[in-house]
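**Student:** Pasting a predicted model and its sequence here:
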Amino acid sequence: MKSLSATVTGRVAVLAAGPVAVHLALFHGLATAAAVGAAGFALVTWARPDLALLTVLGLVPALAASGQRSTTLPAVVLGAVVLLLFRAALSAPRLRLDLLLILLTAAAVTVSRLLPAEPFHVEHGWKACGLLLVGLGLLAASVLVPPDPRRVAQAVAGAGAALAALLLVRGEYAADRLTGLGLNPNYLGAALALPLVAAVGLARFGRSWLWIPPAAVCAFAVVETRSRGAFVMAAAGLACVLLVGRPLRDKALIVLALLAVTVVLPGTLDSVEGNLTGGRTQTELTANTEVRKRAALLAVRVALDHPLRGIGYALFPEHARNSPDLGIYINTHNDYLRLAAEAGLVTLALLLALLWRGLARRCAPDHAVLQALCVSYAAGLLFANILADLIVTTPFWVCLGCLLARTERRKTVLHDADPPTLLPAT
C-alpha cells in the first residue's frame, strides 16, 4: 500500500510540474523557473537518485536541441553527478574494483593534461578533459545508484526518437548530410545510432510494436547523416540485440564478421556510395579515408613513444599539425587511439577493462539491451572522438554503470539458471 501511495504521489507531482513551470516562466521569468526547477531536481536526486539519472538522459537531448550544448548542458550533468556522488557517499560505499578503475582512469587523464609531454597550447584542451571527467563521474554515479535498466533503455529510445524527429523536421543539411545540435554529421549519426538500437531492443525483448515507429524515425535520421561510422555502430548494436540467445559459436562468428567488416569498411562503403553516402563523391571518400589512416598511424607511433601518460589530453591535433608525417590539424577519428596517444596506453587499458567487465557477463534481457548499446558505442569509438561529447556519451556512461552494478550484485546472488549473453562469459 505504501509503495502504491508513493507511485501515485510521484505521478501527480510529474503532472503538476508542467503547469507550474509554465506559470513561473510566464509570470516570474525564466530565471525563477530555472531556479525552482534546479531545486526540484535536487530534491528528486536526494530522494530517488535512480530517477535523477533517468531525468538526465531526457534532459541532455532536450538541452542540446534548445541550443544549450556548450553552456547549460555540461553544468546540468555536472550538478547531477555531484549531487549523486554526495548522496552515495553518505551511505559509505566500499571501494570496489569498478570504482577503483574509474578513479584510476580519471587520475590518468588528469595527469596527462597537467603534465603534458609537449608544450603545445590548446585553447579548449581543459574543456575536453573536463567533459571526459564529468562522463567518468556519471559512470561512477550510475554504478553507485543504478536505475532500472528497462527505464534506461526507454529513456534513451524515447528521447532519441523525439530528437531525431525534430532534426528531420528542421531539415538542416550540409553537403546533403543531416546536421544539427552543433554537431557534424558523423557525431550526429553516432548520437542517433544509440536510440535506434535501444528502440529495436525494447521492441524485441518487450514484444511491443510500439517501439517500431521510434526505431524507424531514428533509422531514417541515421541514414540521412550519411555517416559510415554511424552505420557500423547501428549494425553492431542491432546484431547484438537480434542474436541474443543464440549459441556461443554463432556469436563468435558474428564478432569475427564485424571485425572483418571494420577492416574492409572504407572500400566496401566507397563502392556503394550512391546508396549510403549520398552526394559524397568517390574522390572525397577516398581522400577522407587516406587522411584518417595517416592520422591513425601517427597516433600509434605517438602512443608507443609515450606509453605511460601520453603527450597530453587534447594535444594530438596540434601534434599532427606540427608533424612532418602529416602536417594538418586533425584528430585521430578513433577514441581508442586518441586515449592511447594523449593519455597513454595505461589509460586505454583501464577503459578497456571497464568495458570488458560490463560486457563479458551473462545477463537478463533488460540488461542485454544496455549491453547492445555499449557494444554499439564501443564500435563508434573506432570512427570518431566522442568520449568528450556529452550528447553522444551520456547514454553510454549510464548503461555501462548499470552493467557494472549488476556484475557486482551477481557475486552475491546465486542464480538457478544463466540467461543469454552477448559475449563469452569469463
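**Tutor:** Great, that's in hand.
**Student:** Contacts only, for the spatially most central residue of the chain.
**Tutor:** For the chain, Thr393 is the residue whose C-alpha lies nearest the centre (C-alpha atoms, centre = their mean; 2.5 Å). Going by C-beta atoms under 8 Å, 6 or more residues apart in numbering, Thr393 touches Gly135, Tyr377, Ile386, Leu387. Bear in mind the C-beta positions are built from the backbone N, C-alpha and C, glycine included.
**Student:** JSON lines please, covering those and showing neighbour count.
**Tutor:** Compiled in JSON lines, those are given as follows (neighbours: other C-beta atoms under 10 Å):
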{"residue": "Gly135", "neighbour count": "21"}
{"residue": "Tyr377", "neighbour count": "27"}
{"residue": "Ile386", "neighbour count": "22"}
{"residue": "Leu387", "neighbour count": "23"}
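**Student:** Between which two of those residues is the distance greatest?
**Tutor:** Using C-beta to C-beta, the contacts of Thr393 reach their maximum pairwise distance at Gly135 and Tyr377, which is 11.5 Å.
**Student:** Give me the distance from the helix or strand where Ala340 lies to the chain's centre.
**Tutor:** In the assignment (DSSP states H and E), Ala340 maps to helix 335-343. Relative to the chain's own centre, helix 335-343 is displaced by 17 Å; criterion: C-alpha atoms, centre = their mean, to the nearest Å.
**Student:** next one: stretch 188-202
**Tutor:** On C-alpha atoms, centre = their mean, the centre of stretch 188-202 falls 11 Å from that of its chain.
**Student:** And the helices in the stretch 301-426 of the chain?
**Tutor:** Secondary structure of the stretch 301-426 of the chain by DSSP state H, counting those that start in this stretch: the helices cover 316-322, 335-343, 345-359, 365-380, 390-410.
**Student:** Just name the most buried of those helices.
**Tutor:** Of all those, helix 335-343 has the most neighbours on average by mean count of other C-beta atoms under 10 Å, namely a mean of 28.
**Student:** which stretches of the chain form strands?
**Tutor:** Using DSSP state E, the strands of the chain run over 173-174, 177-178.
**Student:** I'd like those as JSON lines, with mean neighbour count, distance to Ala108 and mean pLDDT appended.
**Tutor:** What follows is these, written out as JSON lines (neighbours: other C-beta atoms under 10 Å; distance: least, C-beta to C-beta, whole Å; pLDDT from 0 to 100):
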{"stretch": "strand 173-174", "mean neighbour count": "13", "distance to Ala108": "36", "mean pLDDT": "86"}
{"stretch": "strand 177-178", "mean neighbour count": "22", "distance to Ala108": "35", "mean pLDDT": "89"}
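**Student:** Pro119: which of these is closest?
**Tutor:** Shortest distance between Pro119 and these, using C-beta to C-beta, is found for strand 173-174: 35.0 Å.
**Student:** CA atoms of the helix holding Ala340 as PDB?
**Tutor:** Taking C-alpha atoms only, helix 335-343 is exported to PDB below (Å, rounded to 0.1, in the frame of the first residue of the first chain):
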ATOM      1  CA  ASP A 335      39.000   7.400 -29.500                       C
ATOM      2  CA  TYR A 336      41.000   4.300 -28.500                       C
ATOM      3  CA  LEU A 337      44.000   5.700 -30.400                       C
ATOM      4  CA  ARG A 338      43.300   9.200 -29.000                       C
ATOM      5  CA  LEU A 339      43.300   7.900 -25.500                       C
ATOM      6  CA  ALA A 340      46.500   5.900 -26.100                       C
ATOM      7  CA  ALA A 341      48.300   8.800 -27.800                       C
ATOM      8  CA  GLU A 342      47.200  11.600 -25.500                       C
ATOM      9  CA  ALA A 343      46.800   9.800 -22.100                       C
END
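**Student:** Please name every helix or strand in contact with it.
**Tutor:** Packing contacts for helix 335-343, counted by 3 or more C-beta pairs under 8 Å, 6 or more residues apart in numbering; DSSP states H and E, involve helix 97-114, helix 282-305, helix 316-322, helix 345-359.
**Student:** Now those in a markdown table, please, with extra columns for distance to Lys127.
**Tutor:** Shown next, in a markdown table, are the helices and strands packed on helix 335-343 (distance: least, C-beta to C-beta, whole Å):
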| stretch | distance to Lys127 |
| --- | --- |
| helix 97-114 | 11 |
| helix 282-305 | 21 |
| helix 316-322 | 14 |
| helix 345-359 | 19 |
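**Student:** mind putting those in JSON lines, distance to Ala221 and mean pLDDT included?
**Tutor:** Below are the helices and strands packed on helix 335-343 laid out as JSON lines (distance: least, C-beta to C-beta, whole Å; pLDDT from 0 to 100):
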{"stretch": "helix 97-114", "distance to Ala221": "32", "mean pLDDT": "93"}
{"stretch": "helix 282-305", "distance to Ala221": "21", "mean pLDDT": "77"}
{"stretch": "helix 316-322", "distance to Ala221": "28", "mean pLDDT": "88"}
{"stretch": "helix 345-359", "distance to Ala221": "26", "mean pLDDT": "93"}
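**Student:** so which of the ones you listed comes closest to Leu400?
**Tutor:** So among those, helix 345-359 is nearest, using C-beta to C-beta, at 4.8 Å.
**Student:** Show me what the closest one is packed up against.
**Tutor:** helix 97-114, helix 335-343, helix 365-380, helix 390-410.
**Student:** mean pLDDT for the ones you listed: which is lowest?
**Tutor:** Among those, helix 390-410 carries the lowest mean pLDDT, at a mean of 85.
**Student:** pLDDT weak spots in the stretch 1-150 of the chain?
**Tutor:** Counting by pLDDT under 70, the stretch 1-150 of the chain shows low-confidence ranges at 1-47, 92-93, 123.
**Student:** Apply 80 and report the result again.
**Tutor:** Scanning the stretch 1-150 of the chain for pLDDT under 80 picks out the ranges 1-50, 66-72, 89-95, 118-125.
**Student:** how about the helices in it?
**Tutor:** Counting by DSSP H, counting those that start in this stretch, the helices of the stretch 1-150 of the chain are 2-47, 49-65, 72-89, 97-114, 125-144, 149-170.
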